[in-house]
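Participant: sequence first, then the predicted structure, then my questions.
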Amino acid sequence: MGSECHEVVRKPRFLCLHGFRTSGEIMKKQVEKWPESVLEKMDLVFLDGPFPAQGKSDVDGIFDPPYYEWFRFNKEFTEYYNFEECLQYIEDFMIKNGPFDGLVGFSQLRATNMTKTLNETIQGAILAGGLPGLQDKGVALTKVPKIQNLIIIGGAKFRSPVVVEKAYASPIQCPSLHFFGETDFLKPYGLEFLECCLDPVVIHHPKGHTVPRLDEKSLPTVQSFIEKIQKTLSEKEE
């Protein structure tokens, strides 16, 4: 009797970077609202930021501590502290636990706290979106493979002139998927970052600054994005 050959499709592996004063575990719980038909196609690794949160978390009382930060900054979000240590921390983790096929960046904020500004909310999404450009310029992630894919939920751009000059010097050419909430007060910052991406895939949802549930309209878009990555990985490994 003949035997059937079943092709084994490798799951793309994503490093997930959480939002301000939350944690990898919190981000994992948020992403788990996505259907299994999507989650089963990806290998998601959730990393805690390198520094304990200094100050109250907006998710305190909603999600359990501990809470972490990626780096620290001034009031205007134009000067960063411990930023180089943050980049080295991410690279060391990628060296030890990689390789990774992409990054997922997210910013989690309490939906009722609509007065917060950019400098107090987004970190994971800014990092994920800025790292490809910093890597291309040779100032970050120089010892790991090139970032190939991005998933950005509630994104934005860095504000430090020194970082901006390097992170967005050239268009971001890797495939990218972006989520925008119609009632997200940070949506304009995300649209600004979108202009830096060469060929982005965009999903609009009716909620605010959160990981959205995938409805019948957005689900096929996400599935198609992941399947294209899987196809690219399979072609490279043939």
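Facilitator: Good, I have the coordinates.

Participant: from now on I want contacts and neighbour counts done on CA atoms only, so please keep to that.
Facilitator: Will do.

Participant: quick check: bridge partners of the spatially most central residue of the chain?
Facilitator: The residue lying closest to the centre of the chain (CA atoms, centre = their mean) is Gly105, at 1.3 Å. Beta bridges link Gly105 to Leu17, Ile152 when assigned by DSSP bridges.

Participant: so what's it up against?
Facilitator: The contact partners of Gly105, by CA atoms under 8 Å, 6 or more residues apart in numbering, come to 16-19, 124-129, 150-153, 155.

Participant: all strands of this protein, in order?
Facilitator: 13-17, 43-47, 51-52, 68-69, 72-73, 80-81, 102-106, 150-153, 176-181, 200-205 (DSSP state E).

Participant: tell me which of the ones you listed sits nearest to Glu32.
Facilitator: For Glu32, the closest of the strands of the chain is strand 43-47, at 10.5 Å, according to CA to CA.

Participant: rewinding a little: pLDDT score for the residue nearest to the centre of the chain?
Facilitator: Gly105 is assigned 95 on the pLDDT scale.

Participant: what of Phe180?
Facilitator: Per-residue pLDDT puts Phe180 at 95.

Participant: and for Phe83?
Facilitator: 92.

Participant: neighbours of it, just the number please.
Facilitator: By other CA atoms under 10 Å, 14 other residues sit near Phe83.

Participant: quick one, what contacts it?
Facilitator: Contacts of Phe83 by CA under 8 Å, 6+ apart are Trp70, Phe71, Arg72.

Participant: what is the least confident helix or strand in this protein?
Facilitator: For the chain, the helix or strand with the lowest mean confidence is strand 72-73, at a mean of 83 (criterion: mean pLDDT, DSSP states H and E).

Participant: can you list the strands of the chain in TSV and add distance to Glu36?
Facilitator: Output for the strands of the chain, formatted as TSV (distance: least, CA to CA, whole Å):
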stretch	distance to Glu36
strand 13-17	16
strand 43-47	12
strand 51-52	32
strand 68-69	28
strand 72-73	35
strand 80-81	38
strand 102-106	17
strand 150-153	17
strand 176-181	19
strand 200-205	19
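
Participant: figure out which of those strands is closest to Val211.
Facilitator: Closest to Val211 of the strands of the chain, according to CA to CA: strand 150-153, at 6.7 Å.

Participant: report pLDDT for Gly130.
Facilitator: pLDDT recorded at Gly130 is 95.

Participant: how about it: what's its closest non-neighbour residue?
Facilitator: Nearest residue to Gly130, sequence neighbours excluded (CA to CA, 6 or more residues apart in numbering): Ala167, at 5.2 Å.

Participant: may I ask which of the contacts of Phe83 has the most neighbours?
Facilitator: When neighbours are counted by other CA under 10 Å, Trp70 leads the contacts of Phe83 with 28 neighbours.

Participant: which residues touch that residue?
Facilitator: Trp70 touches Phe20, Gly49, Pro50, Phe51, Phe83, Cys86, Gln123, Gly124, counting by CA under 8 Å, 6+ apart.

Participant: noted, bye for now.
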